[in-house]
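In: predicted model, plus sequence, below.
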Amino acid sequence: MAKRERVVRMSVEQPLWRALTGYRVLTMVYAVLLFAFGRERYERPWVALLYLAFLCVWTLATLPKVANAASCTKRFLVADLTVALVGILLTPLADAQAQSVDHSTLPTIWTAGSVLAYAIKGGWRWAGVASSLVAVANLVERGHPSRDTLHNVLLVWVASIAIGYVVEVARASERTLARALEIEAATRERERLARDIHDGVLQVLAMVQRRGTALGGEAADLGRMAGEQEVALRTLVAGGLNRPSLVSEDESEGAVVRVVDEDEEHDDGPVDLRLLLAPRAGATVTLSEPGAPVLLAPPAARELAAAVGAALDNVRVHAGSGARAWILVEDWPDEVIVTVRDDGPGIPEGRLAQAEGEGRMGVALSIRGRLRDLGGTAELISVPGQGTEVELKVPRGKAGQGR
């Protein structure tokens, strides 16, 4: 199955909708029980009974409406708040003493669920409008509001606006996080493409430039043009590309580059890293490996082998054709370590930083970038006149997962 990098956006509002669903059911049961245990105080119990029966049917029938933001429409919010307001205003009709005694309204705290739906759906402004309407209905129902009434009205108003504000902040944070993940994914893709281009096209152009300059004549003009194209391509890579991936196949005297769609990649199981590194061994490259297979997930094994290839390319280009290189593979329980060492002249101090400034991103992208994507590290040690050593280290767990 093809592996593609996707940004998955998880809604932070969904737990709030689930909590609201449970709240509506529990407060519906509470309103019914409150009426059942205190029905003797109602002068017209049939009014309360009819309203509560409708409230139960409405609450249960509209549970899907409060399952998520998409199903909770504006029309439903208006109808739901109307049910709450009607219940509040019907309370004096069913309980004549409600205005003189602090009795609860017919919907009781179920009303807060309607206001909270406004807060989750539309933020603090919607919550402020809905809670204000509930406050007016409560004041009208009481006639001459008491301290407890004012306290309850203020509590609902403040709580709903606060929840609405939190929802708006969560949405803004969610959008920022999604954008950051998209940028990170695009950046990783550009770096991967830059590594592949460096391993293939740029190596060929650099080789043509060197050979052409050495041969002279028309070949020198060809080498000069290849050098110009190399500089242009390095600039383009450094500026950022985002195209289908290029996969290089290095050969001893050059490289063949082919375009591969990600849908063609199939990861059937762990890959023995030794098999991928074996073609790198030769007359000037010695490979030392464990006797047992070094199994890694295919993406991790390919990236680690490509990083080793990039290190050997640097040896061939910068240390000269007569330089020797050694590859050491170590398979530890918690990590995989591959060391590439050569007997070349080494790297002068500050040369890597200068190369990166000139757009030559071989070590930065082809080696360190690959290991960073695997969750590992690439450490380069070089002493002028004593060769260079590159240690590629990948934690076993992350190496097993791949990119």
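Out: It's in. Residues are numbered from 1 along each chain as shown.

In: how about Gly109: what's its closest non-neighbour residue?
Out: Rather than Gly, residue 109 is Ile. Leaving aside its sequence neighbours, Ile109 sits nearest to Thr27 (C-beta to C-beta, 6 or more residues apart in numbering; 5.1 Å). Any C-beta I mention is one placed from the backbone N, CA and C, and that applies to glycine too.

In: ugh, wrong one, I meant Thr111
Out: If you skip the residues right next to it in sequence, Thr111 has Ala84 as its closest partner in space, 4.2 Å away by C-beta to C-beta, 6+ apart.

In: that neighbour contacts Ser131, correct?
Out: No. Between Ala84 and Ser131 there is no contact under C-beta atoms under 8 Å: 11.0 Å.

In: got the buried residues for stretch 79-86?
Out: Asp80, Leu81, Val83, Ala84, Leu85, Val86 (16 or more other C-beta atoms under 10 Å).

In: also stretch 117-125?
Out: Of all the residues in stretch 117-125, those buried under the rule 16+ other C-beta under 10 Å are Ala117, Tyr118, Ala119, Ile120, Lys121, Gly122, Gly123, Trp124.

In: tell me the mean pLDDT for the longest helix along the chain?
Out: What stands out as the longest helix in the chain, according to DSSP state H, is helix 147-197. Helix 147-197 comes out with an average pLDDT of 77.

In: following it, which helix or strand comes up?
Out: Note on helix 147-197: by DSSP states H and E, the next helix or strand toward the C-terminus is helix 203-215.

In: now that following helix, how far from the centre of its chain.
Out: Relative to its chain's centre, helix 203-215 lies at 43 Å (C-alpha atoms, centre = their mean, to the nearest Å).

In: now do stretch 46-54
Out: Here stretch 46-54 shows a centroid-to-chain-centroid distance of 50 Å under the convention C-alpha atoms, centre = their mean.

In: just to check, Leu380 is in contact with Val390?
Out: Yes. If you go by C-beta under 8 Å, Leu380 and Val390 touch, sitting 5.2 Å apart.

In: which neighbours do those two share?
Out: Ile367 (C-beta atoms under 8 Å, 6 or more residues apart in numbering).

In: which one's more surrounded, the two?
Out: Val390 (26 against 17; other C-beta atoms under 10 Å).

In: mind giving me the packing neighbours of the helix or strand hosting Leu277?
Out: Take DSSP H and E as the rule and Leu277 turns out to sit in helix 273-277. The contact analysis (3 or more C-beta pairs under 8 Å, 6 or more residues apart in numbering; DSSP states H and E) places helix 273-277 against helix 298-318, strand 325-331, strand 335-342.

In: turn those into CSV, including mean pLDDT.
Out: Rendered in CSV, the data for these read as follows (pLDDT from 0 to 100):
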stretch, mean pLDDT
helix 298-318, 87
strand 325-331, 92
strand 335-342, 92
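
In: can you pull the poorly scored residue ranges out of the chain?
Out: Within the chain, the stretches with pLDDT under 70 are 1-12, 96, 98-102, 145-146, 148-149, 190-203, 230-268, 321, 348-365, 397-403.

In: send me stretch 176-188 as CSV with only the CA atoms.
Out: Extracted in CSV, the C-alpha atoms of stretch 176-188 (Å, rounded to 0.1, in the frame of the first residue of the first chain):
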residue,chain,number,x,y,z
THR,A,176,-2.8,27.4,13.1
LEU,A,177,-1.7,23.8,13.9
ALA,A,178,-3.1,22.5,10.7
ARG,A,179,-1.3,25.2,8.7
ALA,A,180,2.0,24.4,10.6
LEU,A,181,1.7,20.7,9.8
GLU,A,182,1.0,21.5,6.1
ILE,A,183,4.1,23.7,6.0
GLU,A,184,6.2,21.0,7.7
ALA,A,185,5.0,18.4,5.3
ALA,A,186,5.8,20.6,2.3
THR,A,187,9.2,21.4,3.7
ARG,A,188,10.1,17.7,4.2
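
In: can you show me the strands along this protein?
Out: Secondary structure of the chain by DSSP state E: the strands cover 246-250, 255-259, 271-272, 285-288, 295-296, 325-331, 335-342, 377-382, 388-395.

In: with distance to Arg224 as extra columns, can I get these in TSV?
Out: Shown next, in TSV, are the strands of the chain (distance: least, C-beta to C-beta, whole Å):
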stretch	distance to Arg224
strand 246-250	24
strand 255-259	21
strand 271-272	42
strand 285-288	31
strand 295-296	42
strand 325-331	30
strand 335-342	30
strand 377-382	30
strand 388-395	29
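
In: Ala112 is nearest to which of these?
Out: Distances from Ala112 to each of the strands of the chain were compared using C-beta to C-beta; the minimum, 50.0 Å, belongs to strand 388-395.

In: give me the residues contacting the closest one.
Out: 300, 304, 307-308, 311, 314-315, 319, 334-342, 344, 346-347, 367, 371, 374-382.

In: ok, now stretch 32-50?
Out: Stretch 32-50 is touched from outside by Leu52, Cys56, Leu90, Leu93, Ala94, Asp95, Ala96, Gln97, His103, Ser104, Leu106, Thr108, with contacts defined as C-beta under 8 Å, 6+ apart.

In: how far does it sit from its chain's centre?
Out: The chain centroid and the centroid of stretch 32-50 are separated by 53 Å under C-alpha atoms, centre = their mean.

In: now do the residue nearest to Ile109 against His144, distance only.
Out: Applying C-beta to C-beta, to the nearest Å, the value for Thr27 to His144 is 27 Å.

In: pick out whichever of those two has more residues nearby.
Out: Per other C-beta under 10 Å, whichever of Thr27 and His144 has more neighbours is Thr27, with 19 against 8.
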